[in-house]
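Trainee: no sequence for this one, just the structure:
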């Protein structure tokens, strides 16, 4: 399956998710771990689409999400920094998901400069995460894009 | 907002729906009305995306779906026949939604030749509609793509 960059942008405008998790982690000196994650979830009937996207980006994994749902997921910092965020900086999302992406990218860049290892940095990241997915998550779950807290 | 054909295909692979409704309609000699419908539903925050798609295709309407959801919808037979189905014959969907689209197109063509006005045609269309969305709708609602029957 040959994918085109604009097809991927359209598909991610519909189905993609840029999420910043902030999880309690007692072993970390700041008590929290920041986990930015890019995911696309599909019914298993379209698992070949997820594999084609994985091949296009050259990173990430395709795994079971829950039940019949499969997920393409990228969590590795270097892949988010060097592959995923540059792609969407070159090919802009057309939906309001673009606003979430820009906040997501800010967090990835903050992590690159080590800000997630300070309490002040964690608080800044938490504020950014709280501003993500506001409309979608108010409707879907009442949460605000940060998990585990 | 300038949309690219491949972006639209990707977005529809994620968010589009090709549906064939078969509704009871006592005024019709065959007792049923066949209603093929192409829809894209989005949260109202992305209503401008739906308007851009409407402008791209040059047909259809953007209306409230329910609650905060808005829908782009094409129902007019001539628009499905002359604009929507030719677009997706030229630009193939990459997900399994392509199978639904091909069945949808078959129904639109059958209606063009008047088959929906005979009891035998209605039964053939009903069989096709039953084969659409099987995986998605089994999970989501237990129905099989035909409504009102």
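Mentor: Sure, I can see it. These numbers were taken from a predicted model, which means no experiment stands behind them.
Trainee: paired strands for the longest strand along chain A, with orientation please.
Mentor: The longest strand of chain A (DSSP state E) is strand A:32-43. Strand pairing for strand A:32-43, using DSSP bridges, gives strand A:16-24 (antiparallel), strand A:69-74 (antiparallel).
Trainee: need those strands in a markdown table (columns: mean neighbour count and mean pLDDT).
Mentor: To be clear about C-beta, it is placed using only N, CA and C from the backbone, and glycine gets the same treatment. What follows is those, written out as a markdown table (neighbours: other Cβ atoms under 10 Å in any protein chain shown; pLDDT from 0 to 100):
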| stretch | mean neighbour count | mean pLDDT |
| --- | --- | --- |
| strand A:16-24 | 19 | 95 |
| strand A:69-74 | 19 | 98 |
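Trainee: interface residues of chain A facing chain B?
Mentor: Within reach of chain B by Cβ under 8 Å from any Cβ of the partner chain, chain A has these residues: A:1, A:3-15, A:42-43, A:45-46, A:49, A:52, A:67-68, A:94-96, A:135-136, A:139.
Trainee: ok so, going back, next structured bit after the longest strand of chain A?
Mentor: Counting by DSSP states H and E, the next helix or strand C-terminal to strand A:32-43 is helix A:47-57.
Trainee: any buried residues in that following helix, and which?
Mentor: Buried residues in helix A:47-57, counting neighbours by 16 or more other Cβ atoms under 10 Å in any protein chain shown, are found at A:49-50, A:52-54, A:56-57.
Trainee: quick one, that helix and strand A:16-24 angle?
Mentor: Between the axis of helix A:47-57 and that of strand A:16-24 there is an angle of 80 degrees, by axes from the mean of the first three to the mean of the last three Cα atoms, to 10 degrees.
Trainee: got the contact list for the helix or strand that helix A:47-57 is followed by?
Mentor: The first helix or strand that comes after helix A:47-57 along the chain, using DSSP H and E, is strand A:61-66. For strand A:61-66, the external contacting residues (Cβ atoms under 8 Å, 6 or more residues apart in numbering or on different chains) are A:41, A:47, A:50-51, A:54, A:70-74.
Trainee: from residue A:17, how far out is the residue lying closest to residue A:41 once chain neighbours are set aside?
Mentor: Leaving out its chain neighbours, the residue that sits closest to residue A:41 by Cβ to Cβ, 6 or more residues apart in numbering or on different chains is residue A:71, at 4.8 Å. For residue A:71, the distance to residue A:17 equals 9 Å [Cβ to Cβ, to the nearest Å].
Trainee: mind checking how far the lengthiest helix in chain A is from the chain centre?
Mentor: Assignment by DSSP state H gives helix A:97-112 as the longest helix of chain A. Between the centre of helix A:97-112 and the centre of its host chain there is 9 Å, according to Cα atoms, centre = their mean, to the nearest Å.
Trainee: between the following helix or strand past that helix and helix A:97-112, how big is the angle?
Mentor: Downstream of helix A:97-112, the first helix or strand assigned by DSSP H and E is helix A:119-130. In this structure, helix A:119-130 runs at an angle of 170 degrees to helix A:97-112, with the same axes, to 10 degrees as the basis.
Trainee: for helix A:119-130, buried residues please.
Mentor: For helix A:119-130, burial by neighbour count (16+ other Cβ under 10 Å) applies to A:121-122, A:124-126, A:128-130.
Trainee: closest to chain B out of the residues you listed?
Mentor: Using Cβ to the nearest Cβ, the shortest approach to chain B within these belongs to residue A:130, at 17.1 Å.
Trainee: quick check: the closest one vs residue A:20, distance?
Mentor: Going from residue A:130 to residue A:20 by Cβ to Cβ gives 9 Å.
Trainee: check the separation of the first and last residues in stretch A:56-75.
Mentor: End-to-end distance of stretch A:56-75: 16 Å, with Cα to Cα, to the nearest Å as the criterion.
Trainee: from the residues of chain A next to chain B, which would you call buried?
Mentor: Among the residues of chain A next to chain B, the ones that count as buried by 16+ other Cβ under 10 Å are A:3-4, A:6-15, A:42-43, A:45-46, A:49, A:52, A:94-96, A:136.
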